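# Build me a model:
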Amino acid sequence: MDPARDPELAAQIARAEVRRHNDFALARGLMPVDDEAACVREVLASVAGYGPLQPYLDDPSVEEIWLNAPDRVFIARGGVPQRVPLVLTDTQVRDLVERMLNATGRRVDMSQPFVDASLPDGSRLHVVTSEIARKHWSVNIRKFLPAFRDLDLLVRAGSLLPHGADLLRAAMADGRSVVVSGATHAGKTTLLGALIAACPPEHRIVTLEETFELAVDAPDLVAMQGRQPSLEGTGEVTLRRLVKEALRMRPDRLVVGEVRDAEALDLLLALNTGVPGAATVHANSAREALAKLATLPLLAGRNIDAGFVQPAVAASVHLVVHCERDAAGRRRIAEIVEPTGVAAGVVTARTVYTADAS
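Prediction:
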């Protein structure tokens with residue numbers, strides 16, 4: 001039987017075998033298994049899960065797992081990293097990666113030394129092979145926990161003040177375009193998922209990502225991800241292509257998981273056609289995010305200039321929400337700004353929310 005298709009049957013078989021072993025051991029005077037439940041979990045992790053990493057994947061308090069080397073394994077809880085007493089081998093690491101990639105349709109090898117993939121539970125896997133990383137494979141697994149899936153939960157967690165949640169909820173209901181900015185691990189994807197949850201239920205939402213990360217649900221939602229090129233270098237599907245295809249799908253809201261390249265131009269053109277959007281972008285502040293959005297479209301080609309892009313950004317983006325993480329690992333929405341126009345070659349904005357406001 002396939003434990004991935006029928007996990008309950010796999011658990012029944014494992015329990016039965018452990019009990020049979022104990023009965024045999026007791027009859028022959030051998031050492032029985034003291035903790036049957038732990039033994040069953042270990043067997044299932046080895047056969048159907050991800051071996052020694054499975055307990056950390058099952059732990060709801062663990063946000064991220066990364067391996068710098070087989071004997072240097074780290075996890076993050078509450079935004080704080082810590083090393084765990086786990087020692088693997090290079091072979092075990094490669095076997096675990098192959099198992100994780102088995103159902104994703106993605107590969108990692110000498111010709112493709114990097115890979116981004118989405119695991120069945122929605123976690124994101126990133127791998128760098130030893131041809132690029134020094135000596136050992138580098139593996140990151142970022143989990144997406146269901147604890148903060150809407151704006152009210154972010155308010156209860158202290159990441160957002162109530163009037164900020166009301167502002168964002170009204171923006172999503174009114175069909176305004178919202179960009180979420182911040183550094184890595186600042187909570188951008190979590191907030192984007194909460195914004196999607198605030199959309200009216202009758203809205204048709206199309207999400208576009210390089211690798212599935214947004215673990216969201218809605219009555220009328222289509223989720224698409226890009227595709228890597230084949231061994232022959234063909235068949236690649238980029239975010240730019242996904243944005244163009246999404247416009248043919250009658251979206252009420254277009255969501256781009258992360259804008260980092262020339263797809264910013266296609267998103268900007270889509271917003272200028274009246275389709276509300278939402279996206280994330282790496283930036284150190286909300287105003288820097290606006291400057292970045294006014295620069296990225298220039299990567300699309302020489303026919304695009306700042307004289308077109310800057311007014312388009314000012315007119316199409318209604319709010320920029322900036323997330324930050326402090327030294328203690330706490331995440332919060334630091335500020336929300338509203339673009340007001342272009343002055344002296346810069347997209348200007350006014351602040352409409354700050355976390356420090358009373």
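# For residue 184, what are phi and psi?
Backbone torsions for residue 184, taken as degrees, to the nearest 10, come to phi -60, psi 140.
# Likewise for the one 5 residues further on?
When read as degrees, to the nearest 10, the backbone of residue 189 gives phi -70, psi -40.
# before we move on, what about the one 4 residues further on?
For residue 193, the backbone dihedrals (degrees, to the nearest 10) come out as phi -60, psi -40.
# neighbours around it, how many?
The tally of other residues near residue 193 (other Cβ atoms under 10 Å) stands at 22. Just so you know, the C-beta spots here come from the backbone N, C-alpha and C atoms, and that holds for glycine as well.
# What is the burial count for the spatially closest residue to it that is not a sequence neighbour?
Closest residue to residue 193 apart from its sequence neighbours, by Cβ to Cβ, 6 or more residues apart in numbering: residue 216 at 4.8 Å. Number of residues near residue 216 (other Cβ under 10 Å) recorded here: 21.
# tell me the secondary structure for residue 216?
coil (DSSP: H, G, I helix; E, B strand; the rest coil).
# got a list of what it touches?
149, 193, 196-197, 207, 223 (Cβ atoms under 8 Å, 6 or more residues apart in numbering).
# May I have the predicted confidence score for it?
pLDDT, residue 216: 83.
# Quick check on it: phi, psi?
Dihedral angles (degrees, to the nearest 10) for residue 216: phi -120, psi 160.
# where along this structure do the helices fall?
7-28, 36-47, 54-58, 90-101, 151-156, 162-173, 188-197, 239-246, 263-272, 286-293, 306-316 (DSSP state H).
# List the buried residues in the first one.
In other words, helix 7-28. Within helix 7-28, the residues that qualify as buried are 10-11, 13-15, 18, 22, counting by 16 or more other Cβ atoms under 10 Å.
# between the residues you listed, which is closest to residue 263?
residue 10 (41.4 Å; Cβ to Cβ).
# In contact with the residue lying closest to the closest one once chain neighbours are set aside: list those residues for me.
Leaving aside its sequence neighbours, residue 10 sits nearest to residue 3 (Cβ to Cβ, 6+ apart; 3.6 Å). Taking Cβ under 8 Å, 6+ apart as the criterion, residue 3 is in contact with 9-10, 44, 47-48.
# will you turn those residues into TSV that also has distance to residue 113 and pLDDT?
Below are these laid out as TSV (distance: Cβ to Cβ, whole Å; pLDDT from 0 to 100):
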residue	distance to residue 113	pLDDT
9	38	85
10	34	82
44	31	74
47	29	72
48	28	67
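# that older thread, which one of the contacts of residue 216 sits in the busiest neighbourhood?
residue 207 (26 neighbours).
# got the contact list for it?
Applying Cβ under 8 Å, 6+ apart, the residues near residue 207 are 196, 214, 216, 221-224, 255-257.
# what sits up against the lengthiest strand in the chain?
Assignment by DSSP state E gives strand 331-343 as the longest strand of the chain. Around strand 331-343, the neighbours that count as contacts under Cβ under 8 Å, 6+ apart are 79, 154, 158-160, 164, 167-168, 186-187, 190-191, 285-287, 290, 310-311, 313-315, 317-326, 347-355.
# Can you dump the C-alpha atoms of it in CSV for me?
Output of strand 331-343 as CSV, limited to C-alpha atoms (Å, rounded to 0.1, in the frame of the first residue of the first chain):
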residue,chain,number,x,y,z
ARG,A,331,6.4,40.9,13.8
ARG,A,332,4.1,43.9,13.3
ILE,A,333,2.7,46.2,10.7
ALA,A,334,4.9,49.3,11.1
GLU,A,335,3.2,51.7,8.8
ILE,A,336,0.7,52.2,6.0
VAL,A,337,1.2,54.9,3.4
GLU,A,338,-1.0,56.3,0.6
PRO,A,339,0.7,57.5,-2.7
THR,A,340,-0.3,61.1,-3.5
GLY,A,341,1.5,61.8,-6.8
VAL,A,342,4.9,62.5,-8.2
ALA,A,343,7.3,65.3,-7.3
